[in-house]
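*Asks:* Kindly return the folded structure for what I paste below:
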Amino acid sequence: MAKTKQRRKAKPAKMSAPTVRRDAAGVDISPTVMYVAVGPEQDPEPVRSFGSFTCDLYRIAEWLKSCGVRTVAMESTGVYWIPLYQVLEEQGMEVCLVNARHFKNVPGRKTDVQDCQWLQYLHSVGLLRASFRPPAEVCALRTLWRHRRGIVEAASEHIQHMQKALDQMNVQLHHVLSDVTGVTGLAMIDAILAGERDPRKLAGLRDKRVRASEEKIVKALEGDYREEHLFTLKQSLEAYRYCQRQIGECDAEIERRVGVFEGKVDPESKPPPPERKTSRPTKQGEFDMRRHHYRVFGVDLTQIPSIRTATVQVLLTEVGPNFQKFPDGGQFASWMTLCPHNDVTGGRVMKTGTKKSANRTAQALRMAAESLCRDQSYLGVYYRRKRAHIGAPKALTAAAHKLARVIYALVTTGREYDESVFLQAEKRERERAFKRLQRQARQAGYQLVKNSGASEVVS
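*Replies:* The predicted model follows:
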């Protein structure tokens, strides 16, 4: 008789009785008008409208303080909530930033007045959860890093404009150079813009590390130089170099702000472990982010397979050096929407999969998980096994979820990454694989016997 597959018992949800707070208020945010609601017992006119200028924001804070309000709930609408959030936080109030998904199913017509009243009521009975927002110094660093990313994207667009101008002149530098913005590429472009047209002289500017032969480079530099394309090339090059200067300024400001973060270890007395072979070495005079990350987090997260310095920088700017807001690794992964979100009704699973989200930390971990496809570590084996079982897209999410749990464990415990910890997991996986093969052999009329570490089939 075949064994029936036992289902896991669903854990009961942790529910707590709502706490009634008389000192709660609700704010509906819009670009020009803000509607604020307090309890009917706190003011004869419980709903008021204010402007969005800075003086109006301080008027809101003064009115709420006069009503005895200590906690305020507001919906995250674009970036318009940030100024009011900061003003109320300065005044010592507890601000609850509400996810719009948690507030979309209220009954009745949807108006600004009713929205702020519903926010006030739901918050007063404890039915709203605050979204995660890191400390102010982390938010400042996050703003700079996101701004830097925008400049990098703009610089890449200018590189494409340069490439297009060269293609229209049939100057095929990209066939002989791996990067047209490298030392050789920029030297040749500068010479072309200065009026040099002799392919031999231009080819003489190549760096000794270029693998293409001189004859091939000469052929690639024979082009149809037109004034309109040269003008486009010149402006694109100037814009690219301007972006590079801005990136350098951003790096200096980011380094200054990271330097004031409180460190968990002293890199001088306890230096970080050696870099992994896959990590790009830090150049002389370059911002050594890896050393700063080790000082702030207390562990070297780049020792985890597939985790690079840029990934750790995203963690620092989006979450911060401390993970106390997340009780465990599961909730940390859930905040990044890397956990399954199953809708179950009537005992049937109606919808599965992870939520759609633009969480930058999850995007960074998914990109890191892509490099596990050829990694020989336990995490690489885990990713390839998942990819064979459920496909590449879901395997990326599963691997990113695993990376999130590993990162959470290292940061909260202060222990360095140790591959030997996964030996027990590998042993359990081998035992499961052997039992699976035994079951398949029995179904085929054979008996699988383990023999000194190997397996042989006996008919």
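
*Asks:* Quick check: buried residues in stretch 368-377?
*Replies:* Within stretch 368-377, the residues that qualify as buried are 368, 369, 371, 372, 375, counting by 16 or more other CB atoms under 10 Å. Heads up, the C-betas are built off the backbone N, CA and C, glycines and all.

*Asks:* try stretch 377-394
*Replies:* 378, 379, 380, 381, 382, 383, 384, 386, 387.

*Asks:* ok, now stretch 164-180?
*Replies:* 165, 166, 169, 171, 172, 173, 176, 177, 180.

*Asks:* likewise stretch 103-118?
*Replies:* Here stretch 103-118 shows 103, 114, 115, 116, 117, 118 as buried, counting by 16+ other CB under 10 Å.

*Asks:* Just the CA coordinates for that stretch, please, in CSV.
*Replies:* Extracted C-alpha coordinates of stretch 103-118, given in CSV (Å, rounded to 0.1, in the frame of the first residue of the first chain):
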residue,chain,number,x,y,z
PHE,A,103,-5.1,50.4,3.4
LYS,A,104,-6.8,49.8,0.1
ASN,A,105,-9.8,47.6,1.2
VAL,A,106,-11.6,50.1,3.5
PRO,A,107,-15.3,50.3,2.7
GLY,A,108,-17.2,53.4,1.4
ARG,A,109,-16.3,56.1,-1.1
LYS,A,110,-12.7,57.1,-1.4
THR,A,111,-12.1,60.7,-0.5
ASP,A,112,-9.3,62.6,1.1
VAL,A,113,-11.3,63.3,4.2
GLN,A,114,-12.4,59.7,4.6
ASP,A,115,-8.9,58.5,4.0
CYS,A,116,-7.4,60.5,6.8
GLN,A,117,-10.3,59.4,9.1
TRP,A,118,-9.8,55.8,8.3
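
*Asks:* Name the SS class of the nearest residue to residue 243 once chain neighbours are set aside, please.
*Replies:* Spatially, and ignoring its direct neighbours in sequence, residue 243 is nearest to residue 155 (3.8 Å; CB to CB, 6 or more residues apart in numbering). Here residue 155 is recorded as helix under DSSP: H, G, I helix; E, B strand; the rest coil.

*Asks:* Correct me if wrong: residue 210 contacts residue 187.
*Replies:* No - using CB atoms under 8 Å, residue 210 is not in contact with residue 187; the gap is 11.0 Å.

*Asks:* Between those two, which has more neighbouring residues?
*Replies:* residue 210 (18 against 15; other CB atoms under 10 Å).

*Asks:* any idea how far residue 233 is from the more buried one?
*Replies:* 21 Å (CB to CB, to the nearest Å).

*Asks:* Residue 396 too?
*Replies:* 39 Å.

*Asks:* still on that earlier bit, now for the buried residues of stretch 164-180: which two are most distant?
*Replies:* Pairwise distances across the buried residues of stretch 164-180 (CB to CB) peak at 17.1 Å, for the pair 165 and 176.

*Asks:* can you list the residues that contact the helix or strand where residue 62 lies?
*Replies:* Assessed by DSSP states H and E, residue 62 sits inside helix 54-66. Residues outside helix 54-66 that contact it (CB atoms under 8 Å, 6 or more residues apart in numbering) are 25, 27, 34, 36, 38, 48, 50, 72, 83-84, 87-88, 91, 93.

*Asks:* Could you tell me the angle between whichever helix or strand comes after it and helix 54-66?
*Replies:* As assigned by DSSP H and E, the chain's next helix or strand after helix 54-66 is strand 71-75. Counting by axes from the mean of the first three to the mean of the last three CA atoms, to 10 degrees, strand 71-75 lies at 140 degrees to helix 54-66.

*Asks:* quick one on the thing from earlier: between the buried residues of stretch 103-118, which is nearest residue 222?
*Replies:* Distances from residue 222 to the buried residues of stretch 103-118, taken by CB to CB, are shortest for residue 103, at 64.2 Å.

*Asks:* and the closest one, what is it in contact with?
*Replies:* 75, 115, 118, 119, 122, 128.

*Asks:* possible to save those as JSON lines with distance to residue 201, pLDDT and secondary structure?
*Replies:* What follows is the contacts of residue 103, written out as JSON lines (distance: CB to CB, whole Å; pLDDT from 0 to 100; DSSP: H, G, I helix; E, B strand; the rest coil):
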{"residue": "75", "distance to residue 201": "64", "pLDDT": "86", "secondary structure": "strand"}
{"residue": "115", "distance to residue 201": "69", "pLDDT": "90", "secondary structure": "helix"}
{"residue": "118", "distance to residue 201": "73", "pLDDT": "91", "secondary structure": "helix"}
{"residue": "119", "distance to residue 201": "70", "pLDDT": "92", "secondary structure": "helix"}
{"residue": "122", "distance to residue 201": "74", "pLDDT": "91", "secondary structure": "helix"}
{"residue": "128", "distance to residue 201": "70", "pLDDT": "87", "secondary structure": "coil"}
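
*Asks:* Check residue 379 and give its pLDDT.
*Replies:* Note on residue 379: pLDDT of 90.

*Asks:* Name the secondary structure element that contains it.
*Replies:* Residue-wise, residue 379 maps onto helix 378-390 under DSSP H and E.
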